[in-house]
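Q: Okay, structure incoming, though there's no sequence with it:
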C-alpha cells in the first residue's frame, strides 16, 4: 500500500531530493515550502514520471501559527500521514549580538518550534495506528557549539536530543523517529547563511546522497544517521568529546570565517 509523506522544505536541497526518493518508492506526498513556483515545478516533474499524487502547500513555517494551520489543512483533506519528514530549516552566519533578532527568531521557529509542533500534532495518530515514520533533519553541527552560527548550532542540538528522547519513549511501538545529521551539503544553505565562500563549504556533498541515506535509515527505523562527511570531518567529529572546549570553539570559528 502506498505511503503518504509530508515533507517540509521540499522546494530545494535535501527536501527536494527526499520528495524524489519517496516518489521512486511509489509514495504520494504533501510538499511544503514557501516558494510555490518551485513546488509546482517539482509536482509536475514527479507526477509525470511516477504514478503518484502530489499535493503542494505554500506555507512559511517560520510563522508561529503555521504548523497548526498546516495540520488543519491536511486533516480537512482527510489525508493520513504515514511519514513525517521535518526537513525545513536555515542558518545565519555572524556574531549573535549583531545579527537581526527578527531573523534569529524566525530560525528558532522554523528549526525548532515547527519541528516540535508537527511531531506533537501527528504523533498521536501514528501511535494510535501503531505505525509511522518520522525523519528529522538535524546536522552534525548538533554535536558542538557553533561560534558565528550560535543559534543555528543550538537549534540542531535541540532537534537531535528531542528526536532521540521521543524515539525511546516509543520503544514499545512500531512508530520510529530517525535523526538525520548531514555534514556540509551542496544546497542553498551556505548562501542563506552567508557562508558560501567559507572553508567549511569547500567540500560540500550532494543533497541526493544525504537524502537517500536519511530516507533508507528512516525506513529501517534507525535512531541516528550521519551523512556526507569527508574523512577530515569524520576525524574531527570523533575527537569532539575529547577536545578541550576552548580549542574546539576556536577551530569551529575559523572554519566558518570567510
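A: Received the coordinates, thanks. Small disclaimer: the values here were computed from a predicted structure and weren't measured.

Q: Report how many residues lie close to residue 235.
A: Using other C-beta atoms under 10 Å, the number of residues around residue 235 comes to 10. To be clear about C-beta, it is placed using only N, CA and C from the backbone, and glycine gets the same treatment.

Q: for residue 160, same thing?
A: Other residues close to residue 160 by other C-beta under 10 Å number 20.

Q: That one in helix, strand or coil?
A: helix (DSSP: H, G, I helix; E, B strand; the rest coil).

Q: Nearest spatial neighbour of it, chain-adjacent residues omitted?
A: residue 142 (4.0 Å; C-beta to C-beta, 6 or more residues apart in numbering).

Q: any idea how far that neighbour lies from residue 172?
A: The spacing between residue 142 and residue 172, counted by C-beta to C-beta, to the nearest Å, is 26 Å.

Q: Tell me which of these two has more neighbours.
A: residue 142 (20 against 7).

Q: from memory the more buried one sits against residue 152, does it?
A: No. Between residue 142 and residue 152 there is no contact under C-beta atoms under 8 Å: 10.1 Å.

Q: So in this protein, which strand runs the longest?
A: Counting by DSSP state E, the longest strand found in the chain is strand 175-182.

Q: got a list of contacts for that one?
A: Residues outside strand 175-182 that contact it (C-beta atoms under 8 Å, 6 or more residues apart in numbering): 14, 119, 123, 126-127, 130-140, 142-143, 159-160, 163-164, 166-167, 170, 205, 210, 213-214, 217-218, 221-228.

Q: and residue 238, what does it touch?
A: Residue 238 touches nothing, counting by C-beta under 8 Å, 6+ apart.

Q: Let me know the secondary structure of it.
A: Following three-state DSSP, the label given to residue 238 is helix.

Q: Roughly how far does it sit from residue 232?
A: Between residue 238 and residue 232 the distance is 11 Å, computed by C-beta to C-beta.

Q: and what of residue 255?
A: From residue 255 over to residue 232 (counting by C-beta to C-beta), the distance is 11 Å.

Q: Kindly report the same for residue 3.
A: In terms of C-beta to C-beta, residue 3 sits 38 Å off from residue 232.

Q: what sits against residue 96?
A: So, once contact is read as C-beta under 8 Å, 6+ apart, residue 96 ends up touching 104, 150-151.

Q: Can you select the buried ones from those in PyMOL?
A: Listed next is the PyMOL selection for buried residues among those, using 16 or more other C-beta atoms under 10 Å:
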select buried, resi 104+150+151
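
Q: and which of the contacts of residue 96 is nearest residue 25?
A: Of all the contacts of residue 96, residue 25 sits closest to residue 151, with 34.8 Å by C-beta to C-beta.

Q: Show the contacting residues for the closest residue to that closest one other than its chain neighbours.
A: Distances taken as C-beta to C-beta, 6+ apart put residue 104 closest to residue 151, at 5.2 Å, once the chain neighbours are dropped. By C-beta under 8 Å, 6+ apart, the contact set of residue 104 is 92, 96, 151.

Q: any chance of the contacts of residue 96 in JSON lines, with secondary structure too?
A: Below are these laid out as JSON lines (three-state DSSP):
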{"residue": "104", "secondary structure": "helix"}
{"residue": "150", "secondary structure": "helix"}
{"residue": "151", "secondary structure": "helix"}
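
Q: still on that earlier bit, helix, strand or coil for the residue nearest to residue 160?
A: helix.

Q: same thing with residue 146?
A: coil.

Q: Backbone dihedrals for it, please?
A: With angles defined as degrees, to the nearest 10, residue 146 sits at phi -130, psi 80.

Q: for the stretch 51-200 of the chain, what spans make up the helices?
A: 66-77, 101-108, 115-129, 150-169, 189-193 (DSSP state H, counting those that start in this stretch).

Q: Make CSV out of those and add mean pLDDT and distance to residue 32.
A: Shown next, in CSV, are these (pLDDT from 0 to 100; distance: least, C-beta to C-beta, whole Å):
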stretch, mean pLDDT, distance to residue 32
helix 66-77, 98, 6
helix 101-108, 98, 16
helix 115-129, 98, 10
helix 150-169, 98, 17
helix 189-193, 52, 18
